[in-house]
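>>> Here's my sequence, what's the structure:
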Amino acid sequence: MKKIEWLIAILFMGMGVMCMALSAVSFRSESLLQFGGYVKTFLFCAVLITLILYLVLKWIGLSWMKKQ
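Numbers count the residues shown, from 1 in each chain. Now for the predicted structure:
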């Protein structure tokens, strides 16, 4: 697989895990404070995935620039 295909696969896996985690948390019967804690965790994970994707894209860009 090419690097871009790996990136797309990782992106879809991350989105799938986040959707499953959010739906599993939100459909429980818990208080709003606990749900807020879960949303905070979700947002932290989203920022972490975004950071990882940024670093991977930067790495792909640098390796592409070196070939030229």
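>>> Show me where the protein has its helices.
If you assign secondary structure with DSSP state H, the helices in the chain sit at 3-26, 32-67.
>>> and the last one, what's its mean pLDDT?
In this model, helix 32-67 carries a mean pLDDT of 80.
>>> just the shortest one next, same as before
Confidence over helix 3-26, taken as the mean pLDDT, stands at 80.
>>> Give me the residues contacting that helix.
Residues lying outside helix 3-26 but in contact with it, judged by CB atoms under 8 Å, 6 or more residues apart in numbering, are Met1, Phe35, Tyr38, Phe42, Cys45, Ala46, Ile49, Leu53, Val56, Leu57, Ile60, Ser63. All C-beta atoms are positioned from the backbone trio N, CA, C, and that covers glycine.
>>> What is the most widely separated pair among these?
The largest distance within the contacts of helix 3-26, taken as CB to CB, falls between Phe35 and Ser63 and amounts to 41.9 Å.
>>> With neighbour numbers in mind, choose between these two.
More neighbours sit around Phe35 than around the other of Phe35 and Ser63, counting by other CB atoms under 10 Å; the figures are 13 against 10.
>>> Excluding chain neighbours, what is closest to the residue most central in space within the chain?
The C-alpha lying nearest the average C-alpha coordinate of the chain belongs to Ile49 (CA atoms, centre = their mean; 3.4 Å). Spatial nearest neighbour of Ile49, excluding adjacent residues (CB to CB, 6 or more residues apart in numbering): Gly14 at 4.7 Å.
>>> separation between that neighbour and Gly36?
Relative to Gly36, Gly14 is positioned 22 Å away (CB to CB, to the nearest Å).
>>> okay, those two: which has more neighbours?
The residue with the greater number of neighbours, taking Gly14 and Gly36 and applying other CB under 10 Å, is Gly14; the counts read 17 against 10.
>>> how near is that one to Trp59?
In this structure, Gly14 and Trp59 are 17 Å apart, going by CB to CB.
>>> Likewise for Phe35?
With CB to CB as the criterion, Phe35 and Trp59 are 36 Å apart.
>>> before we move on, what about Thr41?
In this structure, Thr41 and Trp59 are separated by 27 Å, where distance is defined by CB to CB.
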